[in-house]
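> dropping the sequence and predicted coords here.
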Amino acid sequence: EVQLLESGGGLVQPGGSLRLSCAASGFTFSSNAMSWVRQAPGKGLEWVSGISGRGGSTYYADSVKGRFTISRDNSKNTLYLQMNSLRAEDTAVYYCGRRSMTTVTTARDNYYYYYMDVWGKGTTVTVSS
Amino acid sequence: DIQMTQSPSSLSASVGDRVTITCQASQSISSYLNWYQQKPEKAPKLLIYAASSLQSGVPSRFNGSGSGTDFTLTISSLQPEDFATYYCQQSYNTLLYTFGQGTKLEIK
């Protein structure tokens, strides 16, 4: 069964740090890019960060750039999110998600469509003094 | 950055109704648009990818359409289990996949 399981959430003071983990199983982890998405209490989904399958390319939302670092260990089938300089507005449920792809071939070109098809159950981060 | 705007923000409907949710991108994203359903305290679930392709296992009453900047999600005949919040997401920018603000579908 394809599965993602987040861990590492908790209560942390403003300015503190936390590292989230996402353990993957049931698929070839290194074949898929991965993302972190968060949801503040009562709010919508916010894409936070993404990383390519081999880890060579990383992307961040402006709201976390310079404070959060995404990484992965393909030998351990695990995705990470190192969160530093945490703020109250970082309080949220953090989900990891697998990016999958469908290729559409036309007479002119190949088109690659990406989507997040597997999600973990989430881990809660609370930033408060 | 590409901004995604959904409307309405909330919607009341009855079982059996046909409902439409719209999503507008701040620039053309071709067909790089996905739709997700989220129920309270649950992770999002992929419904539609590439604007109009139905994810495996998703009922055929869900239909996505559009390209460029304007997209719609239509549920042809609402079922009790469809009451949830729906999000669009652009996948045009490599791994910078922004979401719309969500549309909460409630029972009338």
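Perfect, I can see it now. Numbering: from 1, shown residues only, chains lettered A, B, ... in the order given.
> so who does the single nearest residue of chain A relative to chain B touch?
Distances between chain A and chain B by CB to the nearest CB are smallest at residue A:50, namely 3.3 Å. Every C-beta, even on glycine, is put in place using the N, C-alpha and C of the backbone. By CB atoms under 8 Å, 6 or more residues apart in numbering or on different chains, the contact set of residue A:50 is A:33, A:34, A:35, A:36, A:58, A:59, A:70, A:99, B:95, B:96, B:97.
> what's the PyMOL line that selects buried ones from those residues?
Listed next is the PyMOL selection for buried residues among the contacts of residue A:50, using 16 or more other CB atoms under 10 Å in any protein chain shown:
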select buried, (chain A and resi 33+34+35+36+59+70+99) or (chain B and resi 95+96+97)
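> distance to residue B:76 and secondary structure for the contacts of residue A:50 - can I get that in JSON lines?
Converted to JSON lines, the contacts of residue A:50 look like this (distance: CB to CB, whole Å; DSSP: H, G, I helix; E, B strand; the rest coil):
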{"residue": "A:33", "distance to residue B:76": "33", "secondary structure": "coil"}
{"residue": "A:34", "distance to residue B:76": "34", "secondary structure": "strand"}
{"residue": "A:35", "distance to residue B:76": "30", "secondary structure": "strand"}
{"residue": "A:36", "distance to residue B:76": "34", "secondary structure": "strand"}
{"residue": "A:58", "distance to residue B:76": "40", "secondary structure": "strand"}
{"residue": "A:59", "distance to residue B:76": "36", "secondary structure": "strand"}
{"residue": "A:70", "distance to residue B:76": "39", "secondary structure": "strand"}
{"residue": "A:99", "distance to residue B:76": "29", "secondary structure": "strand"}
{"residue": "B:95", "distance to residue B:76": "33", "secondary structure": "coil"}
{"residue": "B:96", "distance to residue B:76": "32", "secondary structure": "coil"}
{"residue": "B:97", "distance to residue B:76": "27", "secondary structure": "coil"}
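> pLDDT check: weakest of the contacts of residue A:50?
Minimum pLDDT across these is recorded for residue B:95, with 75.
> which residue is the nearest non-sequential neighbour of it?
residue A:50 (3.3 Å; CB to CB, 6 or more residues apart in numbering or on different chains).
> state the mean pLDDT of whichever strand or helix holds the one you found.
Using DSSP states H and E, residue A:50 sits in strand A:45-51. Average pLDDT, strand A:45-51: 96.
> mind listing what the residue sitting furthest away from the middle of chain A touches?
No residue in chain A sits farther from the centre than residue A:107, which is 35.2 Å out by CA atoms, centre = their mean. If a contact means CB under 8 Å, 6+ apart, then residue A:107 has no contacts.
> got phi/psi on it?
Taking degrees, to the nearest 10, you get phi -60, psi -30 for the backbone angles of residue A:107.
> measure the residue in chain B that chain A sits nearest to to residue A:51 for me?
Proximity of chain B to chain A (CB to the nearest CB) peaks at residue B:95, 3.3 Å away. According to CB to CB, to the nearest Å, residue B:95 and residue A:51 sit 7 Å apart.
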